[in-house]
Structure formats: C-alpha cells, structure tokens
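A.B. asks: sequence-free structure coming up:
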C-alpha cells in the first residue's frame, strides 16, 4: 500500500492496523541502552527499601525517579566548558564533594543535592 492510500484510509477513519506489521513497531528515542552507575551503600539500601515498599525492582525505582526528575528539570543549553563553575558543591549532610547530578542524603530520605541553591 502506498503512503497516500494509507493516509487517506486513516483520514477517513478506516481500520488500518491490519496493514501494519506491529511486531516491528518501535517508538523513536525509546531504544534501551545499558549503563553502569556506582552508588554508595546507603543509597542502595534506601533504593531497596523503597523498592520493597512499592513492590517493584530497584531498577524500576531508579528509572521512574530519574524520568520524573528529568521531566521536571528545565531544558537549557549546556554552558560552554570554559564557563562552568568547577567548584565541587558540598551538601551540609555530606562532607565530601558531590556533583550537581549526584544525589545527596537529605532529611527526608534521598533528595537532590541543593548545596548550590537554585542550581540543582
């Protein structure tokens, strides 16, 4: 079937799923890629507690929390490397430096590091 015919059928509200090969259907940008991330032991314990509470896997908790954070973070262009503030941030709850993308232990469990104020 030609694309114009397919479009016409769709526009008329006719059934088109029989003409599709749904076994090969993909969502653009949804391809899976494997990454390895090292977490401190306290964070793994907190993730495992939350996963048990929700009845899901640790991976599911991480994916949902990251997706939520990314959806609620304003999308801006990255700063040029020579203009970035290279000073490591320090959370009051943790004496060691962390990056802005690192999660720091907060009073209410795991929360984003906010030691740089509005730049979290």
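C.D. replies: Okay, I see it. On a predicted model such as this, the values are computed, not experimentally measured, just so you know.
A.B. asks: Which secondary structure element is home to residue 59?
C.D. replies: Residue 59 belongs to helix 58-71 when assigned by DSSP states H and E.
A.B. asks: Against which helices or strands is that helix packed?
C.D. replies: When contacts are defined as 3 or more Cβ pairs under 8 Å, 6 or more residues apart in numbering; DSSP states H and E, helix 58-71 packs onto helix 41-54. In short, each C-beta sits where N, CA and C put it, glycine included.
A.B. asks: elements contacting the helix it packs on?
C.D. replies: Looks like helix 41-54 contacts helix 58-71, strand 103-106, strand 109-112 (3+ Cβ pairs under 8 Å, 6+ apart).
A.B. asks: and with 6 Å instead?
C.D. replies: Judged by 3 or more Cβ pairs under 6 Å, 6 or more residues apart in numbering; DSSP states H and E, the packing partners of helix 41-54 are helix 58-71.
A.B. asks: Quick check: which ranges of this structure have low pLDDT?
C.D. replies: Across the chain, the ranges flagged by pLDDT under 70 are 77-120.
A.B. asks: ok, now with 80
C.D. replies: Where the chain drops to pLDDT under 80, the residues are 1, 29-30, 75-120.
A.B. asks: Around residue 48, how many other residues sit close by?
C.D. replies: Per other Cβ atoms under 10 Å, the neighbour tally for residue 48 reads 13.
A.B. asks: circling back to that earlier point, buried sites along the helix holding residue 59?
C.D. replies: 61-62 (16 or more other Cβ atoms under 10 Å).
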